[in-house]
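> Here is a sequence together with a model predicted from it:
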Amino acid sequence: MVIIEALLFTAAFLVVKYFWNYRRFFYLANKVPLSSFDYSIKGLYKVLKADNKTIFRIIREGFANNNVCTKSWFGLFLFVGIVKPEDVKLVLNSKDCLDKPRFLKFTNMPKGSLFGDVEYWHSHRKLLNPYFGARSLRNVIPIFNNKVKVLMTNLKKMEGTGEFNVLYSMTALTLETIIKVMEYDVDLQNQKSEVRDVFIKNLEKFLKIVTVRAFKFWLHPDIIFKSTKLYQKQLETASKTAMGFSQNIIQNAQNLLQEDVNNNERSKTFIRALVNPKNGFSSDEIQDEVHTVVLAAQDTSAIASSSTLLLLAMYKDVQRKVVDELHRIFGKTLDAPYLDYEKINELHYLEMVINETMRLLPVVPYVFRENSVDIGISEGYVIPTGTYIVIPIFEIHRSKKIWGEDADQFRPERFEKENSEKIPSYAYIPFAKGPRICIGWRYAMLLMKIQLANILLRYEVDTSLKFEELEYQFNITMNVSQGYKISLKERIID
Ligand code: HEM
């Protein structure tokens, strides 16, 4: 009896001590408006059962009240979403908000520059930055052009066969391309679809597991997660994705590095820089960074280009304008010539279309930060230290307050020079912004423009899907649940 009393007393003491130590945190959190998330038993049961489609819906519902900031509690974890571009700007540029939330670190995603601690991130980002600048990227444009030609040969097989999910072809392309940029070769695009799609379907499953785990906080501790079937499934799916190639990529780069060392030159490619012992990265760090870049590059660009094709298939008038621009630049041809850096930069209307697509269908719908000091935002609210700050790109991109009554409509002309000048800074952030802006944004835009120019010159793209009927699911990235179903017909040039 005495022991139980002592235990109860200690437990009560620890609870009081916890709340006393965090009294400022709870005081400030209390002032932030509560989201419309359903905290009842029924609501929590819904989360317990949620699939990736429902998770997306639940997060969206949380922002329905349109406040400057909105909080949700998951146990003692405080999530605060911010929607005003000026607050987003403040957070994304603050040196005190560079970290990713602890809950993402529970997800066993590779701890490369995407999810690493700030110190770790800083050294990796510094090393990688020069290789993703405009000058260095000119060197990879030949790879992009070559890989897109392989894509075109493979798409020929789909011509006239009815609707198919173009995401699989796009993912095979982006995966092969990033691996080639890392100076290794895999032949995925030419594989039979059953072989090729194994990689892609496993990546999809892997990301679904990561998302489900991130949302179900009771699965965060490794000791619990590792005893679940989900963990076995995660290991199984990871080994069947591109992550299975990482050792070959690294080994190959180590061999190639010798050339740079012999010629006494700076490492020619980022993969050689990464494996260069002079830069002091451990083998685990190198492997995680390779996984990160492969994961970050492949799914994202494939979704963005598939989404663009899907919207162009729905909006034929816009497709016509893109093709007019292509004909103006390349002549009335079915076969795109080699696209160099200068030619790619002439594709202004195509760029507006890609921008408008990523506004309506942002590939990364939410980004997260954790603040190491209290952060004051609009209307006097203060986000207490240690909050998981949510930047809901999807909501910001669809906000009627920012974009007007037609915010839900596909209208690339918003990005015409004179109109885009009126878009508030940080209202359009498909690649995030600030010091942790997507390192691959230029890479992605160049590759997408080459792909789309090739496809749209040759094919008229069609779909039976309607924009208003699209449903979305959250797998860290955002996907259209129905798939990116399009059909291809050879274009008739008038
Ligand atoms: C359309 C394509 C892409 C989109 C929409 C996209 C979007 C994003 C976003 C929103 C972030 C910030 C994530 C966060 O702060 O939590 C990010 C980070 C990152 N992206 Fe991308 N990305 C794309 C393509 C790429 C490509 C092609 C690469 C590499 C070749 C890449 C590599 C990375 C890396 C390494 C980071 C982490 C940057 C850091 O924390 O410093 N991404 N991306």
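Yes, it's here. Everything numeric in this text was worked out from a predicted model, so none of it was measured.

> Low-confidence regions, this protein specifically.
In the predicted model, the chain carries pLDDT under 70 at residues 38, 103-115, 193-196, 239-244.

> Check it and tell me which residue is nearest its centre.
With distances taken as CA atoms, centre = their mean, residue 364 lies nearest the centre of the chain, 3.9 Å away.

> Could you grab the helix/strand/coil label for that residue?
What DSSP: H, G, I helix; E, B strand; the rest coil gives for residue 364 is coil.

> Just to check, it is in contact with residue 477?
Yes - the pair residue 364 and residue 477 passes the contact test of CB atoms under 8 Å, sitting 6.0 Å apart. Any C-beta I mention is one placed from the backbone N, CA and C, and that applies to glycine too.

> Mutual contacts of those two, please.
residue 300 (CB atoms under 8 Å, 6 or more residues apart in numbering).

> contacting residues for residue 165?
Residue 165 makes contacts with 483, 484, 485, as judged by CB under 8 Å, 6+ apart.

> Could you report the neighbour count for residue 148?
20 (other CB atoms under 10 Å).

> what's the helix or strand for it?
Secondary structure assignment for residue 148, by DSSP states H and E: helix 141-156.

> where do the strands sit along the stretch 51-200 of the chain?
Counting by DSSP state E, counting those that start in this stretch, one finds strands in the stretch 51-200 of the chain at the ranges 69-74, 77-82, 164-165.

> Quickly compare those strands and say which is most buried.
Compared across the strands of the stretch 51-200 of the chain, strand 77-82 shows the largest average neighbour count, a mean of 22 (mean count of other CB atoms under 10 Å).

> hmm, who's touching it?
Strand 77-82 has contacts (CB under 8 Å, 6+ apart) with 25, 29, 32, 35, 62-63, 68-73, 88, 91, 103, 217, 377, 383-384, 386-392, 395.

> of the residues you listed, buried ones?
In those, burial by neighbour count holds for 25, 29, 32, 35, 62-63, 68-72, 88, 91, 103, 377, 383-384, 386-392, 395, counting by 16 or more other CB atoms under 10 Å.

> Which of those fall in helices?
25, 29, 62, 88, 91, 103, 395 (DSSP state H).

> Among these, which one sits closest to the ligand?
Among those, residue 91 lies closest to the ligand (CB to the nearest ligand atom), at 10.7 Å.

> and the nearest residue to that closest one once chain neighbours are set aside, what does it touch?
Leaving aside its chain neighbours, residue 91 sits nearest to residue 97 (4.9 Å; criterion: CB to CB, 6 or more residues apart in numbering). Applying CB under 8 Å, 6+ apart, one finds that residue 97 lies in contact with 91, 369, 370, 371, 372, 375, 389.

> please redo it, this time with the cut-off set to 10 Å
By CB atoms under 10 Å, 6 or more residues apart in numbering, the contact set of residue 97 is 90-91, 118, 369-373, 375, 383, 387, 389, 391, 434-436.

> And residue 123, by the same measure?
Residue 123 touches 113, 116, 279, 280, 281, 285, counting by CB under 10 Å, 6+ apart.

> need the residues of the stretch 151-300 of the chain near the ligand, please.
When proximity is defined as CB under 6 Å from any ligand atom, the stretch 151-300 of the chain approaches the ligand at 178, 292, 293, 296, 297, 300.

> again, only this time at 5 Å
Residues of the stretch 151-300 of the chain lying close to the ligand (CB under 5 Å from any ligand atom) are 296, 297, 300.

> residues near the second one, how many?
Using other CB under 10 Å, residue 297 is surrounded by 24 other residues.

> With the one 10 residues further on instead?
The number of residues packed near residue 307 is 25, by other CB under 10 Å.

> Make sure it is actually in contact with residue 463.
No - contact criterion CB atoms under 10 Å: residue 307 and residue 463 do not qualify, at 11.7 Å.

> Using neighbour counts, pick out the buried residues of the helix holding residue 148.
Across helix 141-156, burial judged by 16+ other CB under 10 Å covers 141, 143, 144, 145, 147, 148, 150, 151, 152, 154, 155.

> The ligand: which of those residues is nearest?
Closest to the ligand, out of all of the buried residues of helix 141-156 and judged by CB to the nearest ligand atom, is residue 144, at 11.0 Å.

> show me the contacts for the nearest residue to residue 143 once chain neighbours are set aside.
In this structure, residue 143 finds its nearest non-sequential neighbour in residue 180, 5.0 Å apart by CB to CB, 6+ apart. Residues near residue 180 by CB under 10 Å, 6+ apart: 140, 143, 144, 146, 147, 186.

> which residues touch the fourth one?
What it means is residue 146. Counting by CB under 10 Å, 6+ apart, residue 146 makes contact with 176, 177, 180, 338.

> Take the residues of the stretch 151-300 of the chain next to the ligand and keep only those in helices.
296, 297, 300.

> any idea how far the ligand is from the spatially closest residue to residue 94 that is not a sequence neighbour?
Excluding the flanking residues, the one nearest residue 94 by CB to CB, 6+ apart is residue 375, at 6.7 Å. According to CB to the nearest ligand atom, to the nearest Å, residue 375 stands 16 Å off from the ligand.

> quick one: contacts for the residue of the chain found nearest the ligand?
Proximity of the chain to the ligand (CB to the nearest ligand atom) peaks at residue 440, 2.2 Å away. By CB under 10 Å, 6+ apart, residue 440 lies in contact with 128, 132, 137, 178, 293, 296, 297, 300, 301, 431, 447.

> With residue 378 instead?
By CB under 10 Å, 6+ apart, the contact list for residue 378 reads 68, 69, 82, 83, 84, 86, 87, 90.
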